[in-house]
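> curious how this folds, go ahead:
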Amino acid sequence: MFPGKASPGRSTAASPSVAPRRSDASAPLGKHTLDAAQLGRATELLGAMAQAFERRIVGQKRLLTALQVSLMCGGHVLLESVPGLAKTLAASTLASTIAGSFSRIQCTPDLLPFDIIGTQIYDASTGRFATQLGPVHANIVLLDEVNRSSAKTQSAMLEAMQERQTTIGDTSYPLPDPFMVLATQNPIEEEGTYVLPHAQMDRFLLKEVIDYPSAEAELEVLDRMDDGRLDAPSAPPVMTTDQVLELQALTRRVYIDERLKRYIVEVVNVTRDAPHFLGSDIARYIDYGSSPRGSLAFLEAAKAGALLAGRDHVLPEDIKAMRHPVLRHRIVLTFEAIAEQVHPETIIDAVFDAVPTP
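Numbering: from 1, shown residues only. You can find the predicted model right below:
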């Protein structure tokens, strides 16, 4: 790992000596308030979802966290790994825990936009065109191998992900609420693929890279396959779509101190102005830094992480815990970094090392 270092003469961030914690007496009035009953309700729902997930998926704690955080924030998540690491199973399992609709779209080069968003079909019996909505009109949508679809098809998904609507003819159709896209991509095959534009990558709240399971976890997979547990039907839903919306509302009410907001902004600013904050040995690997969507993603993901931990307020550790999934697809690396196989996680760690923790 490269050591992070600030250039002389430039201040990186204010560094209060005490982490911002609050007592009930100092709790702010208004929307940023969670009482004990609401906190317990969120913990109950998240715990039930985790138990249902772990009955079908072995290990993959980071994957579960990414899916839960994205769902709590109402965002989308990009999953990257080699084949066979249960990306599709994880998506379908998440959908099965919610009493909502689920669609799986297998992306191929010949997939067209109307295959996703829908189209108008002529009905000879009535002499009129009828609108048939596409599979994207679901609460949970799995885009399997999204980088195999053409740029035209990817652009159709862009409107759905950002605007939460699709346009067929001259009519716009709102997507259901909640709405979440889980996209997967395989990094080891480039033939017949279309690299996602950076503008579309930025629409994903998180990007999670799934590693190979540990030897113990893989042995557990074999045991479950041997005794038939992997063939068991999906678990019944543990929450309704209304409860998902309730969970999202509770996440937005998690308290975050102003000093932590400034911490987020300064971290993101380092990615944009790396030569002034990082040594040249690291700054030369960053072509473009994160957009303001990175700051917003940190704010939302940190709140969700705090609620997952059973707290009603954000700590610096919540921000640091989400640094890789928030920034790994928002920092554009130079050709030199790609040629030298420098991992974005290494650069992200150096960025955080350069900013004092409040």
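> low-confidence ranges, the chain, go.
1-32, 189-193, 228-235 (pLDDT under 70).
> walk me through the domains of it.
Using automatic domain parsing, the domain parsing of the chain gives 1-17+255-358, 35-214+236-253.
> residue at max distance from the center of this protein?
Here the centre of the chain is the reference, and by C-alpha atoms, centre = their mean the most remote residue is residue 125, at 45.3 Å.
> ok, and the closest non-adjacent residue to residue 69?
residue 304 (4.3 Å; C-beta to C-beta, 6 or more residues apart in numbering). From N, CA and C alone the C-beta is placed, and that goes for glycine too.
> just checking, the one you found touches residue 66?
No: the pair residue 304 and residue 66 does not pass the contact test of C-beta atoms under 8 Å, sitting 10.2 Å apart.
> who's more crowded, those two?
Taking neighbours as other C-beta atoms under 10 Å, residue 304 and residue 66 compare with residue 304 leading, 31 against 25.
> what's the helix or strand containing the more buried one in contact with?
Taking DSSP states H and E as the definition, residue 304 sits inside helix 292-308. With contact meaning C-beta atoms under 8 Å, 6 or more residues apart in numbering, helix 292-308 is reached by 39, 42, 46, 65, 68-69, 72-73, 75, 202-203, 205-206, 250-252, 254, 256, 260-261, 264-265, 267-268, 271, 312-315, 318-319, 321-322, 325-327, 330.
> go again using 7 Å as the cut-off
If you take C-beta atoms under 7 Å, 6 or more residues apart in numbering as the criterion, helix 292-308 is touched by 42, 46, 65, 68-69, 72-73, 75, 202, 205-206, 250-251, 254, 256, 264-265, 268, 313-315, 318-319, 321-322, 326-327, 330.
> show me those that map onto strands.
Mapping the contacts of helix 292-308 onto strands (DSSP state E) picks out residue 206.
> may I see the ChimeraX selection of the buried members of the contacts of helix 292-308?
Command for ChimeraX that selects the buried part of the contacts of helix 292-308, burial taken from 16 or more other C-beta atoms under 10 Å:
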select :42,46,65,68,69,72,73,75,202,205,206,250,251,254,256,264,268,313,314,315,318,319,321,322,326,327,330
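> residue 264: what's its closest spatial neighbour, skipping adjacent residues?
Counting by C-beta to C-beta, 6+ apart, the residue nearest residue 264 is residue 298, at 4.5 Å.
> how much space between that neighbour and residue 327?
Using C-beta to C-beta, to the nearest Å, one obtains 8 Å as the distance from residue 298 to residue 327.
> and what of residue 340?
For residue 340 relative to residue 327 (C-beta to C-beta), the value is 19 Å.
> how many neighbours does residue 110 have?
Residue 110 has 9 neighbours, counted by other C-beta under 10 Å.
> what secondary structure does it sit in?
Of the three states, residue 110 takes coil under DSSP: H, G, I helix; E, B strand; the rest coil.
> next one: residue 90
Assigned by three-state DSSP, the conformation of residue 90 is helix.
> go on, residue 262?
The three-state label given to residue 262 by three-state DSSP is helix.
> tell me, how many residues neighbour it?
13.
> just the buried residues of stretch 85-94, please?
Buried residues in stretch 85-94 (16+ other C-beta under 10 Å): 85-88, 90-94.
> which of those residues lies closest to residue 141?
For these, the closest approach to residue 141 (C-beta to C-beta) belongs to residue 91, at 8.9 Å.
> show me the contacts for the closest one.
Contacts for residue 91 (C-beta under 7 Å, 6+ apart) come out as 142, 182.
> torsion angles phi and psi at the residue farthest from the centre of the chain?
Here is the backbone geometry of residue 125 (degrees, to the nearest 10): phi -70, psi -30.
> and what of the one 4 residues further on?
Main-chain dihedrals, residue 129, degrees, to the nearest 10: phi -90, psi 130.
> cool, residue 128 as well?
Residue torsions, per degrees, to the nearest 10, at residue 128 are phi -130, psi 160.
> excluding sequence neighbours, find me the nearest residue to the residue most central in space within the chain.
By C-alpha atoms, centre = their mean, the chain has its centre lying nearest to residue 206, at 2.8 Å. Among residues not flanking residue 206 along the chain, residue 325 sits closest, at 3.9 Å (C-beta to C-beta, 6+ apart).
> how many neighbours does the one you found have?
By other C-beta under 10 Å, 24 other residues sit near residue 325.
> hang on, it packs against residue 63?
No: with contacts counted by C-beta atoms under 7 Å, residue 325 stays clear of residue 63, the gap being 10.2 Å.
> what segments of the protein are strands?
With DSSP E as the criterion, the chain has strands at 77-80, 98-99, 102-106, 118-123, 128-133, 140-144, 165-168, 171-174, 180-185, 206-209, 239-240, 286-288, 332-333.
> can you list the strands that the first one pairs with?
Sheet pairing for strand 77-80, assigned by DSSP bridges, gives strand 180-185 (parallel), strand 206-209 (parallel).
> okay, angle between the first one and strand 102-106 too, please.
Which is strand 180-185. With axes from the mean of the first three to the mean of the last three C-alpha atoms, to 10 degrees applied, the angle from strand 180-185 to strand 102-106 works out at 30 degrees.
> strand 180-185: which residues count as buried?
For strand 180-185, a neighbour-count test (16+ other C-beta under 10 Å) marks 180-185 as buried.
> what sits up against it?
Counting by C-beta under 7 Å, 6+ apart, 70-71, 76-80, 87-88, 91, 140-147, 161 sit against strand 180-185.
> swap in the last one?
Defining contact as C-beta under 7 Å, 6+ apart, one finds that strand 206-209 is touched by 62-63, 66, 69-70, 75, 77-81, 301, 325-326, 328-329.
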